[in-house]
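In: Here's a sequence, model it:
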Amino acid sequence: MAEKSELLPVLEQIERDKGIKKDEILKMIEQALVSAYKKHSGKMVNLEARINPDTAEVQAFLIKKVVELVTNDSLEIDLAKAKTYDPKAKLDEDVRIPVVTEDFSRIAAQTAKQVIIQKIRETERQSILEEYQTKEGTLVGGTVHRFVEHNIIIDLGKTEGILPVREQVRRERFSIGERVKVIVLKVEKGTRGPKILLSRSHPLVVQRLFEQEVPEVYEKMVEVIEVVREPGFRAKVAVKSNNPKIDPVGACVGVKGSRVRPIIDELRGERIDLIAWSADAAKYIAASLSPAKVISVNIVNESEKQAEIIVSDDMLSL
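Out: Numbers count the residues shown, from 1 in each chain. The predicted structure is shown next:
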């Protein structure tokens, strides 16, 4: 094989850079060589290919059965001819015939190249799959890459993700090249690499934005108990403080709205109502209906979660 001196340094470099074992690639090349040679010769032959791991020299042998009368030249050989390759050849045993052709060297060089490219691709896809599986439920940044029907393909850097119609916010419009934050909803193995499903409408988007913008939420001094969204219009976020000195709503709003404003901007103007969570159901319900002012809350049936709420007429629409 003409490439023998060049192949090993290449494989050693790949082993260092990509972590793909040299022996693993050599075994794959051996298997691929057998298929490539069979395809090239157009015959059903019994071929064995070996690559010396120290020199990368390729040896190939056709294995034929020694018979009295040859009926299939590709798989059989008569005794007299067999003895020219192996003086100890006997009937009904196999004999190994070295394959030495110009064609074989060319096939070997092409096969090695294809196998290496394929193995690198597979390894990179697998590492991206594993990396993004650990990111499920997290917020990532990306760029709008292209539109496929009504779905949006987001460039995440190393790979692409899909923001399907059902996970988009109806009012939002994006242009190509625009930066966007999305939640990684689900990561699966696909035929052409990992399939990464993204979302903009999921309640987690709001929660992760608060974790990003509010140090107290990130450090779990303030907890986001629940987020309910009408994506693009309004989100209600129930927050609770784990530190009696911290006002949970105030911490999330920030001085003059400095913390909540970037979140509203990222959500393209979606209104955010912050509610102080309470173990007292009546108190919690009253707070959750803000900005409407509630006159009274009467818990009708706690097990079925039924309550009667009275508000003045001018608050009804709110």
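In: Okay, strands next: where are they in the stretch 51-200 of the chain?
Out: Taking DSSP state E, counting those that start in this stretch as the test, the strands found in the stretch 51-200 of the chain are 58-67, 76-78, 94-98, 139-148, 151-155, 160-163, 179-190, 193-199.
In: Pull the residues that contact the third one.
Out: Around strand 94-98, the neighbours that count as contacts under CB atoms under 8 Å, 6 or more residues apart in numbering are 48, 59-66, 77, 82, 85-86, 89. C-beta coordinates here come from the backbone N, C-alpha and C atoms, glycine included.
In: Show me the one of the strands of the stretch 51-200 of the chain that comes nearest Thr123.
Out: Nearest to Thr123 among the strands of the stretch 51-200 of the chain is strand 193-199 (11.6 Å), distances taken as CB to CB.
In: Let me know the next secondary structure element after the closest one.
Out: Moving toward the C-terminus from strand 193-199, the next helix or strand (DSSP states H and E) is helix 203-213.
In: so how far is whatever helix or strand comes next after that following helix from its chain's centroid?
Out: The first helix or strand that comes after helix 203-213 along the chain, using DSSP H and E, is helix 215-218. Put simply, helix 215-218 sits 28 Å off its chain's centre (CA atoms, centre = their mean, to the nearest Å).
In: pLDDT weak spots in the stretch 151-300 of the chain?
Out: Counting by pLDDT under 70, the stretch 151-300 of the chain has low-confidence residues at 300.
In: Dump the strands of the stretch 51-200 of the chain to JSON lines, plus distance to Ile29 and mean neighbour count.
Out: Converted to JSON lines, these look like this (distance: least, CB to CB, whole Å; neighbours: other CB atoms under 10 Å):
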{"stretch": "strand 58-67", "distance to Ile29": "8", "mean neighbour count": "19"}
{"stretch": "strand 76-78", "distance to Ile29": "27", "mean neighbour count": "17"}
{"stretch": "strand 94-98", "distance to Ile29": "18", "mean neighbour count": "16"}
{"stretch": "strand 139-148", "distance to Ile29": "35", "mean neighbour count": "15"}
{"stretch": "strand 151-155", "distance to Ile29": "34", "mean neighbour count": "20"}
{"stretch": "strand 160-163", "distance to Ile29": "31", "mean neighbour count": "20"}
{"stretch": "strand 179-190", "distance to Ile29": "25", "mean neighbour count": "16"}
{"stretch": "strand 193-199", "distance to Ile29": "23", "mean neighbour count": "21"}
